[in-house]
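Peer 1: Show me how the following folds:
(one chain, ligands or ions: 1)
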Amino acid sequence: MENTIVLATPGRITSTALTLPSRIDYAEWEHILRGFRNVSQSIMFWLGDLLVYGRDEYGEQFSQAIDTVGYSPETVRNAMWVASRVAGDVRSDKLSWSHHQLVAHFEQPDQQKWLATAEKNEWTVAELRAAIRPPEVEPLPKDPKGDYAKLLKDAKGKDCVKCGGPDAMAAHYSGMHSNRLGKAMGKKAHDLATAYLCHRCHTEMDSYAEGNDAERSAEFLMLVMLTNIKRLEDGVLVVS
Ligand SMILES: [Zn+2]
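Peer 2: Have a look, this model is predicted:
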């Protein structure tokens, strides 16, 4: 649903003040009040659309602008991620930008489903998050006797499964839904969810760039799978 937002106010707006002319009527005052509310709800959507446009149009100049304008890298990344994932006609003006952020990693039909449900039930961001979160899974057995340590130690001297470079180490999966593989605050995913990666590829797979969450996760899991196939071939993992 398209909501027209009118920013025009009488008087003068500067970065630190709104100066209104004397004697504007109540209706106009209320209109401005609603407009401000809309602006604060909309700014991350606008910023995201503006940034995606800039990236597509200006390339190098875009990167320089990002460095000089002073938005935090996280703000830029999040705004672009949501703007590029959630199409304009899917967005709901009844919900906040944070609601949209929560559904951004879904494909469009699921985005629509979750946003419609949130709108219908008037869910807060926390309620939507709780509804989306998969049911708690049993904690995975976490190397009770140190049996899995060999999986990590064995990476020594292996080549990177991503670039083929030398000096790989076993890098724990850190992408989407890694909590289901045992990852928690200060706790890594299961040792079997590791990939032989060189330092450079490890850093790359552990870092987000704008809008790459789903893609990066899929690639990381592919690298984990390739690593486990290699472990089977090398006899580190044995099928009995
Ligand atoms: Zn590598």
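
Peer 1: can you count the residues close to residue 111?
Peer 2: Using other C-beta atoms under 10 Å, residue 111 has 20 neighbouring residues. Quick note: C-beta positions are derived from backbone N, CA and C, even for glycine.

Peer 1: got the contact list for it?
Peer 2: When the contact criterion is C-beta atoms under 8 Å, 6 or more residues apart in numbering, the partners of residue 111 are 85-86, 90, 103-104.

Peer 1: please redo it, this time with the cut-off set to 10 Å
Peer 2: Going by C-beta atoms under 10 Å, 6 or more residues apart in numbering, residue 111 touches 85-87, 90-91, 100, 102-105.

Peer 1: Strands - which of the residues you listed land there?
Peer 2: In strands, judged by DSSP state E, none of the contacts of residue 111 are found.

Peer 1: Weed out the non-buried ones from those residues.
Peer 2: 85-86, 91, 100, 102-105 (16 or more other C-beta atoms under 10 Å).

Peer 1: Among the residues you listed, which one lies nearest to the ion?
Peer 2: Checking these against the ion with C-beta to the ion, the nearest one is residue 105 at 25.5 Å.

Peer 1: you'd agree that closest one is up against residue 216?
Peer 2: No: using C-beta atoms under 10 Å, residue 105 makes no contact with residue 216, being 11.1 Å away.

Peer 1: got any residues that touch both of those two?
Peer 2: Joint contacts of residue 105 and residue 216 (C-beta under 10 Å, 6+ apart) are residue 176.

Peer 1: moving C-terminal of the lowest-mean-pLDDT helix or strand in the chain, what's the next helix or strand?
Peer 2: Using mean pLDDT, DSSP states H and E, the weakest-scoring helix or strand in the chain turns out to be helix 149-153, at a mean of 81. Per DSSP states H and E, the first helix or strand lying C-terminal to helix 149-153 is strand 169-172.

Peer 1: which of the residues in the longest helix along the chain are buried?
Peer 2: Determined from DSSP state H, the single longest helix within the chain is helix 26-58. The neighbour-count check on helix 26-58 (16+ other C-beta under 10 Å) flags 32, 38, 42, 44-45, 47-49, 51-52, 54-55 as buried.

Peer 1: Can you tell me which of the contacts of residue 111 lies closest to residue 19?
Peer 2: Residue 19 lies nearest to residue 91 out of the contacts of residue 111, by C-beta to C-beta, at 33.0 Å.

Peer 1: Quick check: that closest one touching residue 101?
Peer 2: No: if you go by C-beta under 10 Å, residue 91 and residue 101 don't touch, sitting 11.3 Å apart.

Peer 1: thinking again about what came up before, lowest-confidence member of the buried residues of helix 26-58, which is it?
Peer 2: The pLDDT minimum for the buried residues of helix 26-58 sits at residue 38, where the score is 79.

Peer 1: So that one versus residue 100, what's the distance?
Peer 2: 15 Å (C-beta to C-beta, to the nearest Å).

Peer 1: For the most centrally placed residue in the chain, list the residues it contacts.
Peer 2: What sits nearest the mean C-alpha location of the chain, by C-alpha atoms, centre = their mean, is residue 213, with 5.7 Å. The contact partners of residue 213, by C-beta under 10 Å, 6+ apart, come to 77, 81, 85, 104-105, 175-176.

Peer 1: show me where pLDDT drops low in the protein?
Peer 2: Scanning the chain for pLDDT under 70 picks out the ranges 1-7, 134-147, 208-211.

Peer 1: tell me the contacts of the nearest residue to residue 234 once chain neighbours are set aside?
Peer 2: Leaving aside its chain neighbours, residue 234 sits nearest to residue 154 (7.5 Å; criterion: C-beta to C-beta, 6 or more residues apart in numbering). Residue 154 is in contact with 170, 196, 230-231, 234-237, counting by C-beta under 10 Å, 6+ apart.
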